[in-house]
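> quick one, fold the following:
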Amino acid sequence: MSADLKKSSSNGSEKSLTCEEQQAKITEIRKLIGPLPEKLAIYCSDAAIARYLRARNWNVKKATKMLKETLKWRAEYKPEEIRWEEVAHEAETGKIYRSNYIDKLGRTVLVMRPSCQNSKSTKGQIRYLVYCMENAILNLPADQEQMVWLIDFNGFNMSHISVKVTRETAHVLQEHYPERLGVAILYNPPKFFEPFWTVVKPFLEPKTQNKVKFAYSGDLNTKKIMEDLFDMEKLESAFGGNDDSGFNIDKYAKRMREDDKRIPAFWARGNTQSSAPTEPVPTSTVDLNSIEQNSDSNASDNDKVDGSTSHV
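As a prediction, this is how the structure comes out:
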């Protein structure tokens, strides 16, 4: 049993399985996928496969399909090869950045400010989001798989709303980064955001919806939520904390360039931790479309995000 695996939590409809049952399903998925080129095998550690299983309520067939799609996406999109210089122009306003503090559980914190949007390119926005997700994962401690999103709605108005970008974002995050979100805190969303949230919710799975928390400055319940999650001395003042330093693009760029240098070693480390079978790696690229699915697959196996969004 891999030490990376954690006991399955039961939240609502999610199954509660023993460690042995979890490992059996992971092994089954490995057999379904078969040997992979080394560059793709590093994304198939026990912990990674377990995330896909949790995202599909431990349904092997659905999780295999989801993982296969992610492997195809990673082979084509190459998110681990995105570097700061390529996306720096998207970051100038501080619309998304990794904070220099973590929450009390050790989770990486991504700050998002939709009012600071500085690009009309959906492709560019998604690529920067993917870079930020990869960077957040790079900075997760070994015993933590999830992150926190702090979304600041200060200055947000109707012009910042894009259903297309939101749909693309939901698709990439849910399909290719399953079980990476611990909690998303929407801080001071305006009244007009409520109908937009009603439109967006169908794009999100129920488990994801339950991780979204609405928070408001001056609200006692919000204050307790933030104090339970963060060291208030390190938390930014925009979220009720005591840190007034703000976002500095020059300092942030320096941090990202240093992080970029760590990426190759990080994925090499991931390869040593992977529990992938030690079968000979094929010399040619595996056709991921050929991964076998059970013949009794039907429309009910497709999650709603698959049918309502397009691939990046």
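
> helices along the stretch 101-250 of the chain, start to end?
Using DSSP state H, counting those that start in this stretch, the helices of the stretch 101-250 of the chain run over residues 122-138, 163-176, 193-200, 206-209, 220-229, 249-273.

> which stretch among those comes nearest residue 26?
helix 249-273 (14.0 Å; CB to CB). Any C-beta I mention is one placed from the backbone N, CA and C, and that applies to glycine too.

> quick one: that closest one to chain centroid distance?
Mean-position distance between helix 249-273 and its chain equals 17 Å (CA atoms, centre = their mean, to the nearest Å).

> what of stretch 173-189?
The answer for stretch 173-189 is 7 Å, by CA atoms, centre = their mean.

> dump it to CSV, restricted to CA.
The C-alpha coordinates for stretch 173-189 follow below in CSV (Å, rounded to 0.1, in the frame of the first residue of the first chain):
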residue,chain,number,x,y,z
LEU,A,173,-9.8,22.5,-13.2
GLN,A,174,-12.4,19.7,-12.7
GLU,A,175,-11.2,17.4,-15.5
HIS,A,176,-7.4,17.8,-15.1
TYR,A,177,-6.9,18.9,-11.5
PRO,A,178,-9.4,16.7,-9.6
GLU,A,179,-9.4,16.9,-5.8
ARG,A,180,-6.9,19.7,-5.8
LEU,A,181,-9.3,22.3,-4.3
GLY,A,182,-9.7,22.3,-0.6
VAL,A,183,-11.8,25.4,-0.2
ALA,A,184,-12.6,28.5,-2.3
ILE,A,185,-13.5,31.6,-0.4
LEU,A,186,-15.5,34.2,-2.4
TYR,A,187,-14.8,37.4,-0.5
ASN,A,188,-17.3,40.3,-0.7
PRO,A,189,-19.1,39.1,-3.9
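
> using CSV, write down the CA coordinates of stretch 24-35.
Included here for stretch 24-35 are C-alpha records, laid out as CSV according to Å, rounded to 0.1, in the frame of the first residue of the first chain:
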residue,chain,number,x,y,z
ALA,A,24,-7.3,-2.8,-5.6
LYS,A,25,-9.1,-0.1,-7.6
ILE,A,26,-5.8,1.7,-8.2
THR,A,27,-4.2,-1.5,-9.5
GLU,A,28,-7.2,-2.1,-11.8
ILE,A,29,-6.8,1.3,-13.3
ARG,A,30,-3.1,0.6,-13.9
LYS,A,31,-4.0,-2.5,-15.8
LEU,A,32,-6.6,-0.7,-17.9
ILE,A,33,-4.1,2.1,-18.8
GLY,A,34,-1.1,-0.2,-19.4
PRO,A,35,2.5,0.8,-19.7
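
> what's the mean pLDDT across it?
The average pLDDT within stretch 24-35 is 95.

> got it, and stretch 163-179?
The average pLDDT for stretch 163-179 rounds to 89.

> for the closest residue to residue 118 other than its chain neighbours, list the residues it contacts.
Distances taken as CB to CB, 6 or more residues apart in numbering place residue 93 nearest to residue 118, at 4.6 Å, with adjacent residues excluded. Taking CB atoms under 8 Å, 6 or more residues apart in numbering, we find residue 93 in contact with 113, 116, 117, 118.

> write the PyMOL selection for whichever of these are buried.
Filtering those down to the buried ones (16 or more other CB atoms under 10 Å) takes a single PyMOL command:
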select buried, resi 113+116+117
